[in-house]
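**Q** predicted coordinates and the sequence they were generated for:
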Amino acid sequence: MPKVWVARGLKKGVLTSRFPADRPTSAEIPESALPPSPTPGADWRAGRKECPTGAIRAEEERVDLGMCIYCRRCSSAGFSFGEGAGQESRALQAGAVADVARATRRAFRRSLHVMMIDVGSCNACNLEVLNLSNPYYDLTRLGITFTNSPKHADALIVVGALNRAMVDVLKRTYESMPEPKMVISVGACAISGGAFTGTEGFVSPVGEAVPVDVVVPGCPPTPIQVLEGLLLATGRMTKATRP
Amino acid sequence: MAYSNRVEVRRVEMLEDGVQLASVFKIGDHTYVMLSDTKANKTVLSELPPTLGEEFGPLLKGVDAPAGAHLDMDPGGRVEGYGVFEFPYGPVSFGVPEAGGFKLVTYGERVIKVVPQVNFKKRGVEQASIGRSPQDALILVERSAGNFSASYSTCFLTAVEESLGLEVPSKARWTRAAAVELERIYNHLHVFGRLAEAASQNVAAAQANALKEDVLRLNSKHFGHRYLFGLSVVGGVRRELSKAECKELSNASRVIAREFSELVSYFLSSRIFLDRLQGTAKLAAADALRLGAVGPAARGSGIQWDDRLTYPIEPYEDIYVNMETDSGEDAMARTMVRVNEVESSTVVLREILDRIPGDGARAGAEGHRSRVDLPDDFSFCRVESPSGDLVQVVRLDNEGRVSGLHIRPPSLVNWLPLAKSLQGNVFTDFQFAFESFGLSFADSDR
């Protein structure tokens, strides 16, 4: 039986992404994961009216990516998402909200153990984070591995709109992680509540319950974008060294 | 198929043989029950008869539970004594990568009772949708369960468009159906990959997951989103497939089907894998019917119910769908139902893509009428999601805003069958039982 698998593996060839050595391809970061950007004739007020989460800040004339759920409804108000508009920012969306101490970053540079916790997601973010271990993204090639226990985790990936029933669970999970530790908020729901702001179960953005170091916007963010967040958190990628 | 053949409004006094409870919902001033008559292949609607109120207890509890606190889906029966140990599992664990838990009561190696704990992440989509326009409510509805979003949006919009009396281009309905089939394919591949992982078949799991990633990339290429969010809008779809795209997608689905059947043939020659599935987590047909199991879980116990055949909305009326059933009643049977469905779904998908009607075709309003002859005015729809029958009941007010929404997710009614099937199994079989049902906490919590 092992022979069959080897033959199959050889036939399929190398599937794994070239990221972070190369820029991500359009299959890895599809158009649906590109943020909205205003065209020259964009109408900010109309955009704000269309936006279901209030991500379009008409007064400041900017788009708050942490709130954007990439629903494309603002396209009628002159916001575009295509190659031209999003080219510069393809994949490059993750942002640091807190300055991770240099010592912490050094400690995690070559090896990082990550745990994911779901605090009220729709399952799409969970699946995208899990997809990081499939052959296309193969997280372990970068020295990053998933772990099942907070006691073994260096970084906590939080997905979902923080639910009232999960607040204490999240806090206890965070407290049981050893120092030094980091928290990465993945997806619009974790960052701001996203589409679920104002629902009965939603409490607050994750950042109000535990200190968040890095945010990865998206609904859901693609695996490459999550990976970029992880690399950013460990200092292996900065704005200047992005491919 | 005309509506009158598929839906029957009658007064129900008791659950007859072969009739399964589909849902209980309150719309307006009355409470209704929806039943699946698996013998006549009909959906039966009735006002809630007082004689049946108590029997529906567990399901009613799950449907109405408030957000913000978790809920034990207790199958009943007290178990205590020397040597009985209660093992808490979740809500934070990587075996179940979601916020949801189980209380496993064991005696030695054997599991004697399982209490699924749900609602750790109940957001309250139904309440939050009230007062919104259908277009705004859709954003919430399709994010109730990210991996079933095409099924959710198709179900919701079919009911809404019915209520509004909108004529929807046939092309849009066929495009939605193509998305639902793709969703079924990648979810089944996901379940297959998870089962392989549970059996520590890592190479095989990697191959299955790679195939799933291929389907996700097809989704984003042809429908604009990896998880099919934002494809449908009220009255149509945002993105239509050109003839060339249909051809391309059709060819790609053929490749997926071929690769998957190769993968499956390797799996089925692995004794280690088969041993873990055969005879594991048996769910007798009578229990499946009584406890309300739907989807591959029910079809794996030989129950004949597939909404594509028993409640066909537009494209499925003219398309041949093969109902995949298996009488094995165990985890293997459920897995084989999914395996065969990947195959048959690609066939259905290809037929849809070959026959997508042109721009001019409009849906005849008669074909999918679901408005019913009952005291309150509402419309409903049933869609076969990857994990089974999804029911949504929608009521709109005079201004066209949502004034009532009821979602009966497929995962919610499958928890008790899962708990039942685990009784008497060894503890280490838990992962296989759970994955073979393919349930999602996001879906059941909504």
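**A** Perfect, thanks for sending it.
**Q** which stretches of chain A form helices?
**A** Ranges of helices within chain A are A:2-12, A:44-50, A:83-86, A:102-108, A:124-131, A:167-175, A:188-192, A:223-233, based on DSSP state H.
**Q** with only the CA atoms kept, save the second one in CSV.
**A** This means helix A:44-50. The C-alpha trace of helix A:44-50 is given here as CSV (Å, rounded to 0.1, in the frame of the first residue of the first chain):
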residue,chain,number,x,y,z
TRP,A,44,-18.4,57.8,0.5
ARG,A,45,-21.9,58.7,1.8
ALA,A,46,-23.6,56.2,-0.5
GLY,A,47,-21.0,53.7,0.4
ARG,A,48,-21.6,54.2,4.1
LYS,A,49,-25.3,53.7,3.5
GLU,A,50,-24.7,50.4,1.7
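**Q** who are the packing partners of it?
**A** When contacts are defined as 3 or more Cβ pairs under 8 Å, 6 or more residues apart in numbering or on different chains; DSSP states H and E, helix A:44-50 sits against strand A:56-57. From N, CA and C alone the C-beta is placed, and that goes for glycine too.
**Q** quick one: the strand it packs on to chain centroid distance?
**A** Computed by Cα atoms, centre = their mean, to the nearest Å, the separation of strand A:56-57 from the middle of its chain amounts to 21 Å.
**Q** and that strand, which strands flank it?
**A** Here strand A:56-57 has these sheet partners by DSSP bridges: strand A:62-63 (antiparallel).
**Q** return the set of buried residues in the longest helix anywhere in chain B.
**A** The longest helix of chain B (DSSP H) is helix B:170-198. By 16 or more other Cβ atoms under 10 Å in any protein chain shown, the buried positions in helix B:170-198 come out as B:170-198.
**Q** do I have it right that B:Ser301 meets B:Val294?
**A** No: using Cβ atoms under 8 Å, B:Ser301 is not in contact with B:Val294, being 11.0 Å away.
**Q** higher neighbour count, the two?
**A** B:Val294 (31 against 27; other Cβ atoms under 10 Å in any protein chain shown).
**Q** can you pull the contacts of that one?
**A** B:305, B:387-389, B:410, B:413-414 (Cβ atoms under 8 Å, 6 or more residues apart in numbering or on different chains).
**Q** mind giving me the packing neighbours of the strand ranked longest in chain A?
**A** Longest strand in chain A, counting residues (DSSP state E): strand A:112-118. If you count contacts as 3+ Cβ pairs under 8 Å, 6+ apart, strand A:112-118 packs onto helix A:124-131, strand A:144-146, strand A:155-159, helix A:167-175.
**Q** let's have those in TSV, adding distance to A:Glu28 and mean pLDDT.
**A** Shown next, in TSV, are the helices and strands packed on strand A:112-118 (distance: least, Cβ to Cβ, whole Å; pLDDT from 0 to 100):
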stretch	distance to A:Glu28	mean pLDDT
helix A:124-131	11	91
strand A:144-146	17	91
strand A:155-159	19	92
helix A:167-175	30	91
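**Q** can you find the helix or strand in chain A with the smallest mean pLDDT?
**A** Lowest mean confidence among the helices and strands of chain A (mean pLDDT, DSSP states H and E): helix A:83-86, at a mean of 49.
**Q** for chain A, give me the ranges with low pLDDT.
**A** Confidence mapping of chain A against pLDDT under 70 gives the ranges A:1-2, A:82-100, A:103, A:239-243.
**Q** smallest gap between it and chain B, at which residue?
**A** For chain A and chain B, the shortest gap (Cβ to the nearest Cβ) falls at A:Ala124, measuring 2.7 Å.
**Q** ends of stretch B:271-289, what's the gap?
**A** Taking Cα to Cα, to the nearest Å, stretch B:271-289 runs 31 Å from one end to the other.
**Q** which parts of it are buried?
**A** Buried residues in stretch B:271-289 (16+ other Cβ under 10 Å): B:273, B:276-277, B:280-283, B:287-289.
**Q** outside of that stretch, which residues touch it?
**A** Identification of contacts with stretch B:271-289 by Cβ under 8 Å, 6+ apart yields B:18, B:20, B:38, B:195-196, B:198-199, B:201, B:204, B:267-268, B:293, B:297-298, B:300-303, B:327, B:329-332, B:335, B:417-418, B:420-422, B:425, B:429, B:432-433, B:436.
**Q** just checking: which of the residues you listed also lie near chain A?
**A** Filtering the contacts of stretch B:271-289 for neighbours of chain A using Cβ under 8 Å from any Cβ of the partner chain leaves B:Ala204.
**Q** out of the contacts of stretch B:271-289, which are inside helices?
**A** Under the assignment DSSP H, the contacts of stretch B:271-289 contribute B:195-196, B:198, B:204, B:267, B:297-298, B:331-332, B:335, B:417-418, B:420-422, B:432-433, B:436 to helices.
**Q** the stretch 251-400 of chain B: helices as residue ranges?
**A** Remark: helices assigned in the stretch 251-400 of chain B by DSSP state H, counting those that start in this stretch are B:271-277, B:285-291, B:296-299, B:307-310, B:314-317, B:331-355.
**Q** how is the chain partitioned into domains?
**A** Let's take chain A. Here the domain parsing of chain A from automatic domain parsing is A:31-86, A:95-233.
**Q** that's the wrong chain, I meant chain B
**A** Chain B breaks down by automatic domain parsing into domains covering B:3-62, B:71-118, B:131-445.
**Q** dihedrals phi and psi, B:Met34?
**A** Dihedral pair for B:Met34: phi -120, psi 130, per degrees, to the nearest 10.
**Q** what about it, how many residues nearby?
**A** A count of nearby residues for B:Met34, using other Cβ under 10 Å, gives 21.
**Q** cool, thanks, signing off.
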